[in-house]
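Asks: Sequence and predicted structure, then a few things I'm wondering about:
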Amino acid sequence: MNGKRRRLLLAAIDPMLEPGEQVEVTTIVNLSSVTVPRTAAFAAATAILSGGAMAVIPVPTPMYLGMTDRRIFIFRANPTFARPEEHLMTIPRAGLVRSEIKERVLNSSFVISAPDSEQGLKIVFPLAGRKERNVIAAALPLAD
């Protein structure tokens, strides 16, 4: 994450921080991944329906993730400008666990969840975000 994006994200997080809370890491992530077969099928279907005039490929919306020593903040990233657009959620870190890291050619991911919950949040990191991914993974214990 470049300096301008980081400064804008920190400015958005700052009013939400509790006394003594410090930001440990900031990064750009995707919260849902689009699989290659699904993308190819969608592109083929739109090409057929438009008579070959166009093909549409779905792209996940990039998100900003900021992790403090107590919470994880998620913001929708503006695709044109380098600023966070909308605060989507805040997740307390206490009790969170993560799955094993899944490595892929262009990205990597893991799922965070509460141990007593069946729901999880899949976080997909771009290739350039491996350093930040490792910091977040080290802060969250591995699920049993």
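Replies: Nice, I can see it.
Asks: Residues in a beta bridge with K102, which ones?
Replies: As for beta bridges, K102 partners with S109 under DSSP bridges.
Asks: and it, how far is that from S108?
Replies: As judged by Cβ to Cβ, to the nearest Å, K102 and S108 stand 6 Å apart. All C-beta atoms are positioned from the backbone trio N, CA, C, and that covers glycine.
Asks: Retrieve the pLDDT associated with D116.
Replies: Per-residue confidence (pLDDT) for D116: 76.
Asks: same deal with I101?
Replies: pLDDT, read off for I101, is 95.
Asks: Kindly report the same for A40.
Replies: With respect to pLDDT, A40 scores 60.
Asks: For this protein, spot the helix or strand the model is least confident about on average.
Replies: helix 36-49 (a mean of 62; mean pLDDT, DSSP states H and E).
Asks: could you point out which element follows that helix?
Replies: strand 62-68 (DSSP states H and E).
Asks: Quick one: mean pLDDT for that next one?
Replies: Here the average pLDDT along strand 62-68 is 94.
Asks: cool, and stretch 129-138?
Replies: For stretch 129-138, mean pLDDT rounds to 94.
Asks: Could you list the buried residues of that stretch?
Replies: 129, 132-133, 136-137 (16 or more other Cβ atoms under 10 Å).
Asks: distance between that stretch and the chain's centre?
Replies: 12 Å (Cα atoms, centre = their mean, to the nearest Å).
Asks: cool, and stretch 4-20?
Replies: Distance, stretch centre to chain centre, for stretch 4-20: 17 Å (Cα atoms, centre = their mean).
Asks: Average pLDDT for that stretch, rounded please.
Replies: Averaged across stretch 4-20, the pLDDT comes to 94.
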